[in-house]
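A.B. asks: Prediction below, plus the sequence it came from.
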Amino acid sequence: MPPLGGIERQPRGFGVALVLLAAVPAVWYAWAIYSDFVLGTRYLGSDPIKEAEHAYGAWTLRLLLASLVITPMRRLTGWNWLAKHRRTLGLYAFAYGVLHLSVWAILDVQLIIDDLVGWDVVWADLTKRPFITIGMLCLVLMVPLAVTSTKGMIKRLGKTWAKLHRVVYVIAVLGIVHFFMAVKLDIREPGVYALILAVLLGWRVREWRQRASAAAVVSA
Amino acid sequence: MRPSDHPKLPSSEITPESSYLDRRSFLVAAGVIGVGLAGAGKLRAAAAQQGGAQGAPVARGTPFGLQPDDRPTPWEDVTGYNNFYEFGTSKEDPKANAQQFRTRPWTVKVDGLCDKPGDYALEDFLKPAKIEDRIYRMRCVEAWSMVIPWRGIQLKDVIDRAQPRASAKFVELTTLNDPRQMPGQRGGLSFINWPYVEGLRLDEARNPLTMLATGVYGRDLPNQNGAPLRLVVPWKYGFKGVKSIVRIRFAETAPRTAWQVAAPSEYGFFANVNPAVDHPRWSQATERRIGEFRRRPTLPFNGYAEQVASMYAGMDLRRNY
């Protein structure tokens, strides 16, 4: 497909804008929690902690999906400069995952700040409630990806890097499963994410098949 | 006669507002100054006490089963954070979508195994009963809670009037089914088998704590809170509190309730608040009081064990969840 005309080169300031923009929800929800509880505002409604917890979880998935959009987008548009921003999106997804876990553990369950709910209860949550187990597993799987996201690591790991980072597909699937299991019965939002992921994975499968058949033709 | 037109309660029925509120305000102030962020959510509770700041009414009524640090949940939260799936699944949907809902004229059908069945205009249905203001704790199955000043009648009065037969063991209460007015009942995405049905064992329904509410904060129920008539059972999870009731039926067997049908492994018939029995997806041991920062321990029967525990003597509450 021919590249769409226009922005074949990166617009000025795109990288900085992306870094700043992706931080907006993190800063906003942190401020809003503080403001709602201390200043008496109602930015996050009646249950600010739950609202922020869910928002950070949703942004984890949105940024994860956004990172998976980069490659198909490059192929479709020819905007290859997008490639280097995949790391920004991936690292932000990880950061939002950490925020999601932190709000859950510190503000929702209130570990550390209170002893009403003990570590034993949280451990039981992590091991006995499948949706929490799966969510935690997602975050744990993101750690090696975040750690190996530096240029040095990419070079050092070579081909292994690409293989390792395919774990992101597993994380995305499990993350959406976690969301499905967490909601009561209204599955519309996780449904939309699942649909988007299905399209993104479907595109890749088609791509791999085409490449495989092209390779077969060459070797024949 | 509209519920709000009923004669004022004798003042002896109501805790003197000033002393009640003064004590609370003191606690609120102490909380805010003393505990910093931890006590901070109480700012909102303080606003509820002083009331009227933005035309919000002041909580009034006889406290039932309140703990020393329980204070009424602000009007905005009570009337803006609701589970009423007939008007949408998010907590803000009911307030947004229920404003055009017509609650007059309204008919309540009383039928099933009773000697005095009938279709009553709401006004006639309420007329013989005594309207009371009572402040109750409310614990949602989703592990949040409120303290709500209800206005209403005892369900017992309605039952006595209907004269249930000896064979009647259960009461079934049903919400209006009207997809034209209730957007949540339209479309294929409904996971609840409408209409919403709830039920109580007859002794539970006759317990003096069990109310049919017609108002909150001394006003008629806002539509999003289940106008014009809803069930309030303070020792059970909030979903038992069926809203916008059109039918009360006496039955020999336990009705199949809406959530039992939708998710039988998660929601049982009794749904008594019980910190020892977890929901499959979360612990019920603690709760967050809306408007407060700190979690609170959840109390057996939501703090009403003294009044209701005897009804369940000898029952395995782990199995009868």
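C.D. replies: Everything's here; your move. Numbering: from 1, shown residues only, chains lettered A, B, ... in the order given.
A.B. asks: so what's whatever residue of chain A ends up closest to chain B up against?
C.D. replies: Closest approach between chain A and chain B, counting by C-beta to the nearest C-beta: residue A:46, at 3.6 Å. C-beta coordinates here come from the backbone N, C-alpha and C atoms, glycine included. Residues near residue A:46 by C-beta atoms under 8 Å, 6 or more residues apart in numbering or on different chains: B:76, B:77, B:80, B:81, B:91, B:290, B:291.
A.B. asks: so what's the closest residue to chain A within the stretch 151-300 of chain B scoring on pLDDT?
C.D. replies: Using C-beta to the nearest C-beta, residue B:191 is the residue of the stretch 151-300 of chain B that sits closest to chain A, at 4.1 Å. Note on residue B:191: pLDDT of 78.
A.B. asks: So residue B:218 sits against residue B:149, correct?
C.D. replies: Yes: under the criterion of C-beta atoms under 8 Å, residue B:218 makes contact with residue B:149 at 7.1 Å.
A.B. asks: got the CA coordinates for the helix or strand hosting residue A:91 in CSV?
C.D. replies: For residue A:91, the host element (DSSP states H and E) is helix A:85-102. The C-alpha coordinates for helix A:85-102 follow below in CSV (Å, rounded to 0.1, in the frame of the first residue of the first chain):
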residue,chain,number,x,y,z
HIS,A,85,7.2,6.0,20.2
ARG,A,86,6.1,2.4,20.8
ARG,A,87,8.5,2.4,23.8
THR,A,88,6.8,5.5,25.3
LEU,A,89,3.4,3.9,25.0
GLY,A,90,4.6,0.6,26.4
LEU,A,91,6.3,2.2,29.4
TYR,A,92,3.3,4.4,30.1
ALA,A,93,1.1,1.3,30.0
PHE,A,94,3.4,-0.3,32.6
ALA,A,95,3.3,2.9,34.7
TYR,A,96,-0.5,3.0,34.7
GLY,A,97,-0.5,-0.6,35.7
VAL,A,98,1.7,0.2,38.7
LEU,A,99,-0.7,3.1,39.5
HIS,A,100,-3.7,0.8,39.2
LEU,A,101,-2.1,-1.7,41.6
SER,A,102,-1.0,1.1,44.0
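A.B. asks: next structured bit after that helix?
C.D. replies: Where DSSP H and E defines the elements, the next helix or strand beyond helix A:85-102 is helix A:119-128.
A.B. asks: So for residue A:9, what's the pLDDT?
C.D. replies: Residue A:9 carries a pLDDT value of 84.
A.B. asks: give the contact list for the nearest residue to it once chain neighbours are set aside.
C.D. replies: Ranked by C-beta to C-beta, 6 or more residues apart in numbering or on different chains and with sequence neighbours excluded, the top spatial neighbour of residue A:9 is residue A:81, at 6.5 Å. Contacts for residue A:81 were tallied using C-beta under 8 Å, 6+ apart; they are A:8, A:9, A:10, A:14.
A.B. asks: how far does the helix or strand where residue A:156 lies sit from the chain's center?
C.D. replies: Applying DSSP H and E as the criterion places residue A:156 in helix A:151-157. Remark: helix A:151-157 is offset 22 Å from the chain centroid, using C-alpha atoms, centre = their mean, to the nearest Å.
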